[in-house]
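Student: predicted model and sequence follow; I will ask about them next.
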Amino acid sequence: MVSLCSRPTSMTDAARHHYQKLYSPEPIDNDAIHQLLRVVPCATLNDPNIQSHLMAAFTLEDICLGARRVPHLSSPESTPGSFTPKKVLATLRVSDAYLLDCSPNRLRRRTHDEITTGRNSISHLFRALDSGKALITLFLYRALLPGVPVLSDAGSYLGSVDLTPFYDRFAINDTPLASCSTQAFRLQRQLPDIQSAIADTNYPSFSPQQWKSFWRARILPLARTIWWRVLHHKISCHANLHRILPDRFSSECEICTTALDTQEHFLLDCPAKWRVWQSVIQDCVLLPVHRTMIFDAIFSLVLPRWSLRRSWLSPIQLLTGILVGIWRAHWLSVFSNVPFSPTNFLYTYSLLTFRKEESLLSPPPA
């Protein structure tokens, strides 16, 4: 328990106890001495001049000079001043503040005139080092000692690392990495994914012209996203959901409840959805509709050559418009319990969706 001093006598006793403990001699730390001796080269300790300097007796003037560099403690609660480095100091290099002195073969501080970059920040650092508010790390302190090789050979401190095996591993077709283009590097990195996609039977295999037609088609972004998922078999039909979570989802269609809800059934074969395809296309094309024609257009990118005389839409825009309408109506029945009715779809989704696409995708006036 800590008790506060309220009387002058007890306050004087507390201060006397603090300063007696503060300035009392402590046992010598042998580990600290050994650590200091390890960083001092043996050649330096064998120098008679350095030995005499280290073993010289202290004088009263030396003690007074050292006392001036110690932060003042006016009371037991006072703390020494802290050093706050300036932000620009982090951008400077050691060579901006120190210089190699060849005669003793060690680093020395640059003079005020020799400092050309960050003069104020470096001067602030030197003052903090002189006052004891900042300390030099061991690896730099060793470079400040005389008789130690510094800066002339980086291997003296960090060692040499041969990076040739690392770079050779990234050689592309026996071409060094530094001589390869970024396109060749990307192709090499993507080669395993390309090979696995080619080996995957579920991955769509279309000609470059078909993919070009798919990406250049003037369709809504939502339609392209749904179609992309269809081509890669990523539609959330009940057959796929049942395969992932068999305890939560059944494999039957929730709309007709009579067939397996595969991807083809989800988009075409469900009786309610097939009625939508037939009604909308017959209304726009004035021709009978066959399942094979729609199936090849959606799953094989073999587009029909219809002549839409009653609309500005192209065949691909008509197909994706129906696709988006069925998609929205299906998930509206799932999340909002709105029954999927072909009649409601024909009088709402088809008219609104197609008229909206016509306004967005119709050709400009002549």
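Tutor: Alright, I've got the coordinates.
Student: and Ala15, what element?
Tutor: For Ala15, the host element (DSSP states H and E) is helix 8-22.
Student: next structured bit after that helix?
Tutor: Next in sequence after helix 8-22, counting helices and strands by DSSP H and E, comes helix 30-39.
Student: from the contact counts, what lies against that following helix?
Tutor: Contacts defined by 3 or more CB pairs under 8 Å, 6 or more residues apart in numbering; DSSP states H and E place helix 30-39 against helix 138-143. All C-beta spots, glycine's among them, are computed from the backbone N, C-alpha and C.
Student: just checking, Leu220 touches Leu323?
Tutor: No. Using CB atoms under 8 Å, Leu220 is not in contact with Leu323; the gap is 10.1 Å.
Student: between the two, which has more neighbouring residues?
Tutor: Leu323 (22 against 17; other CB atoms under 10 Å).
Student: I'd like the distance between that one and Ala223.
Tutor: Separation of Leu323 from Ala223 (CB to CB, to the nearest Å) stands at 6 Å.
Student: same thing with Ser250?
Tutor: Ser250 is 29 Å from Ala223, by CB to CB.
Student: more crowded one of those two?
Tutor: Taking neighbours as other CB under 10 Å, Ser250 and Ala223 compare with Ala223 leading, 22 against 14.
Student: give me the distance between the more buried one and Gly321.
Tutor: Taking CB to CB, one finds Ala223 at 7 Å from Gly321.
Student: could you do Asp96 as well?
Tutor: 67 Å.
Student: same check on Pro208?
Tutor: 26 Å.
Student: of the two, who's got more company?
Tutor: A side-by-side neighbour count of Pro208 and Gly321, using other CB under 10 Å, places Gly321 first with 26 against 7.
Student: now do the more buried one against Leu222, distance only.
Tutor: Distance from Gly321 to Leu222, by CB to CB: 11 Å.
Student: before we move on, what about Leu129?
Tutor: Taking CB to CB, one finds Leu129 at 65 Å from Leu222.
Student: equivalent analysis for Phe166, please.
Tutor: For Phe166 relative to Leu222 (CB to CB), the value is 46 Å.
Student: burial of the closest residue in space to Tyr203 that isn't next to it in sequence, as a residue count?
Tutor: Computed as CB to CB, 6 or more residues apart in numbering, the closest residue to Tyr203 that is not its neighbour in sequence is Ala197, at 4.7 Å. Other residues near Ala197 come to 13 when the count uses other CB under 10 Å.
Student: before we move on, which element is Ala197 in?
Tutor: Per DSSP H and E: helix 182-199 holds Ala197.
Student: pLDDT on that helix, on average?
Tutor: Helix 182-199 shows a mean pLDDT of 79 in the predicted model.
Student: what about whichever helix or strand comes after that helix, distance to the chain center?
Tutor: The helix or strand immediately downstream of helix 182-199 is helix 208-216, counting by DSSP H and E. Taking CA atoms, centre = their mean, to the nearest Å, the mean C-alpha location of helix 208-216 is offset from the chain mean by 33 Å.
Student: please save the CA atoms from helix 208-216 in CSV.
Tutor: C-alpha atoms of helix 208-216 as CSV (Å, rounded to 0.1, in the frame of the first residue of the first chain):
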residue,chain,number,x,y,z
PRO,A,208,-12.0,-17.0,-80.4
GLN,A,209,-14.7,-15.5,-82.7
GLN,A,210,-17.5,-16.7,-80.4
TRP,A,211,-15.8,-15.2,-77.3
LYS,A,212,-15.3,-12.0,-79.2
SER,A,213,-19.0,-11.9,-80.1
PHE,A,214,-19.9,-12.5,-76.5
TRP,A,215,-17.7,-9.7,-75.1
ARG,A,216,-18.5,-7.2,-77.8
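Student: buried ones in that helix?
Tutor: Of the residues in helix 208-216, Phe214 count as buried by neighbour count, 16 or more other CB atoms under 10 Å.
Student: give me the contact list for that helix.
Tutor: With contact meaning CB atoms under 8 Å, 6 or more residues apart in numbering, helix 208-216 is reached by 206, 224, 227, 301, 303, 316.
Student: residues contacting the residue nearest to Leu89 when sequence neighbours are not counted?
Tutor: Using CB to CB, 6+ apart and skipping residues adjacent in sequence, the residue nearest Leu89 is Ser121, 4.7 Å away. Going by CB under 8 Å, 6+ apart, Ser121 touches 85-86, 88-89, 92.
Student: show me where pLDDT drops low in the stretch 201-350 of the chain?
Tutor: 308-312, 344-350 (pLDDT under 70).
Student: mind listing the helices for it?
Tutor: Along the stretch 201-350 of the chain, counting by DSSP state H, counting those that start in this stretch, helices occupy 208-216, 221-231, 238-244, 263-264, 271-285, 291-299, 315-335, 342-347, 349-361.
Student: could you tell me the angle between the longest one and helix 208-216?
Tutor: Spelled out, that is helix 315-335. Between the axes of helix 315-335 and helix 208-216, defined by axes from the mean of the first three to the mean of the last three CA atoms, to 10 degrees, the angle is 60 degrees.
Student: what are the buried residues along helix 315-335?
Tutor: 315-327, 329-330, 333.
Student: how distant is it from the center of its chain?
Tutor: 37 Å.
Student: and if you look at the shortest one?
Tutor: Averaging C-alpha coordinates over helix 263-264 and over its chain gives two centres that are 38 Å apart (CA atoms, centre = their mean).
Student: thinking again about what came up before, more neighbours: Phe166 and Leu222, which one.
Tutor: Leu222 (13 against 10).
Student: I am finished for the moment; much appreciated.
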